[in-house]
Each structure stands twice: as structure tokens, then as C-alpha cells.
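*Asks:* Give me a model of this one.
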Amino acid sequence: MNGICTLANDYVFDQLVALLNSIDVILGKETPVCIYPFDQQTQRIAEEIAKRPNVFLYDDQASINRWDQFMLKAAAERMNPSKHRLYGAHRRFCAFDGPFDKFIYLDADTLVMNSLDAVFHQLDVYDFIVYDFQFKDISKIYNTKSPKLLQVFPQSRLNTEIFCSGFYGAKRGLFNSEQTDWLIENLQNGEAEILYGGAGEQPLLNYMVMKSGLKTYNFAQQLPENQKTGCSATSKHFEEQDYILYDKGNRLTYLHYIGVPPQVTQAVCAGENIDFPYRDLFLHYRYLHEPENRPNFTTTAQSYQAPAPNLLTRALKKINLIK
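*Replies:* Below you'll find the model as predicted:
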């Protein structure tokens, strides 16, 4: 069986609902969706998916524990909630244990924009499928100052095999216990120093795929130039038609709201008039099944990138000491 996977907790509830609704519309309401728990805060999610028979929370505790232990051995500091916002992001690796033979993983802050059949078809030939342009910036994946980096991977591979961990297709069983033990051994023998230190599980997943020699395919590199599309919400040139985005006439596969923090979408859904790229598209899918709850804005929109004034500044403005 094939299916869609994501990772979430109640903190990203609004983003998750938008993603699930986009799956309903684009892929069909019967599409199996597995949600991997970022942490234990999943009460709102459980209540929501009770209305969605195709969606379920992953509850294989042995698998969750296996990957928790893997992360503790690979990069224990990244599981510290006080220091790393993405402390539970590694639990997406549970998809390599099941429940789907082939799966496509999407971050919760994405919207499906097109059929994903082409991704599943490539999994007949390749082990790992991506569609992004992260390969243009290695600095968020590997520590480019490490002299060991080029000892582990040749420059030719570093130029072509880097990917973003927000969207990928893969297969069950790629990383069994024997393989993960071997990866941990290499990391603990010094190769951990080649990982970029600030991005949660993303550098680690790149290392796992590349070190294991998986056969990979990136649509962003393989498609003809006139057929490629972007995927990031920071790209301003996408055109919308009937709640679908197009890049120079080509329909996007997915839209990733990378760079838009969850607290921004939380605030918007709570009625705060904060603008961010493709906000109306997000709100359309978020409130697809409950349009009556969609917020109406009456104030001037503030950019999501504008720093919010601190409490002291607000207090001073109230008593007219500053303007």
C-alpha cells in the first residue's frame, strides 16, 4: 500500500488541517495519510482526524523508540527542547518502518498542488525522490569548514545530491537496524562533524541517504528547464488559478511555507491581520470545510517579517513617550 506521511503536533494544527484539506481536494479523500507524532501534544489532532477515516496517528511505540534512540546516539543535543525548536523532527524517520510500502513525506506547512503519481512512479526505479533546489546551498546541510567533508563525500556528489527534508518519496525498509547501527558507528567515529549544526534532522537525513548510497532522483535536476517549478512560498512570481499555483504556466507539485513560523499562522487563524506569502491560499485550504470560521480582517495588515514591538515599547507608546 502507498500513502502520504507528515509530522505534526497541536502546535502546527492549523497548518496540518490546511495540508489535509489540500490532500482531500488534489489527491482524493480516500488517500491514506499517516501522521507521525512530533511529541505527545496531539489531542487536537486526534479530535480532528476522528472525522477523517483516511487519516491516522502513528502509534507503533517500538518504532518511535527506535528512532528516538537513533537520534540520541546520532545527535543528542538536537533533541533538547530548550535549545532546538525541531527536537521531535526526527520522528518522520518512522516512515521507514511502515505502514506504507512506498510513501511521500510532506512537512505540515505544505499544500499539495498536483497529483503525486509521478513521484510514486519514480519509486519503481529509484529509492529516494525529491523535488527542490536545496542542492544550490550546501551550507544548511553540511559543515563546509570541516576538512573531513570531502573525505566522506566527493564534491561531485555534494553538488548534486543535497535535498530539503520537507518533501520526499521513499520506501519502507531502507534503514533497518543493521543499517542504522552502521550509520551511528560512522558518525561516532568522527563523521558527525560534517553535519551542519542548526537544522534539526535535515543534515542527518541527507547524510543517511548519501552515506547509504541510495539511488536518488531530483525532479528539479532532471526535468527540462521549461517544465521545472519552484516550491517555496518565498517565490513571489507564482500565479494562482482556482486555488492552484502555477510557475510560468507549469502547475506546482507542492507549496512549502518555509520561513513562515507556525506562530504566524496560529495568530492569523486567531484573527491577527498578519500578511505572509500566499496567505489567502493557505486560508482557503485551512477553512475549506468550515468557511464560517475563516477570520475577517478589519485592520491594516502587518508583514510576518516585521518585528513585533516588545512590551516596553508598547507601554511607552501608550503614554506617548515615543512615537
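*Asks:* what are the ranges of the strands in the stretch 101-250 of the chain?
*Replies:* Per DSSP state E, counting those that start in this stretch, the stretch 101-250 of the chain carries strands over the ranges 102-106, 110-112, 128-130, 167-171, 216-218, 239-241, 244-247, 250-251.
*Asks:* Turn those into a markdown table, columns for distance to N189 and mean neighbour count.
*Replies:* Using the backbone N, CA and C atoms, a C-beta is placed for each residue, glycine as well. Formatted as a markdown table, the strands of the stretch 101-250 of the chain follow (distance: least, CB to CB, whole Å; neighbours: other CB atoms under 10 Å):
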| stretch | distance to N189 | mean neighbour count |
| --- | --- | --- |
| strand 102-106 | 29 | 22 |
| strand 110-112 | 36 | 25 |
| strand 128-130 | 24 | 25 |
| strand 167-171 | 26 | 23 |
| strand 216-218 | 24 | 20 |
| strand 239-241 | 50 | 10 |
| strand 244-247 | 43 | 19 |
| strand 250-251 | 45 | 14 |
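*Asks:* what would these look like in CSV with mean pLDDT and distance to L195?
*Replies:* CSV is the format used below for the strands of the stretch 101-250 of the chain (pLDDT from 0 to 100; distance: least, CB to CB, whole Å):
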stretch, mean pLDDT, distance to L195
strand 102-106, 98, 20
strand 110-112, 98, 24
strand 128-130, 98, 18
strand 167-171, 98, 18
strand 216-218, 97, 18
strand 239-241, 97, 38
strand 244-247, 98, 32
strand 250-251, 98, 34
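*Asks:* Can I get the ones you listed in a markdown table including distance to L205?
*Replies:* A markdown table is the format used below for the strands of the stretch 101-250 of the chain (distance: least, CB to CB, whole Å):
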| stretch | distance to L205 |
| --- | --- |
| strand 102-106 | 10 |
| strand 110-112 | 16 |
| strand 128-130 | 10 |
| strand 167-171 | 8 |
| strand 216-218 | 12 |
| strand 239-241 | 31 |
| strand 244-247 | 26 |
| strand 250-251 | 27 |
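*Asks:* Identify all contacting residues around stretch 32-51.
*Replies:* 1-13, 16-17, 20, 23, 52, 54-58, 64, 87-89, 91-92, 94-95, 99-100, 103 (CB atoms under 8 Å, 6 or more residues apart in numbering).
*Asks:* my guess is I35 is in a strand, correct?
*Replies:* Yes. Using DSSP: H, G, I helix; E, B strand; the rest coil, the assignment for I35 is a strand.
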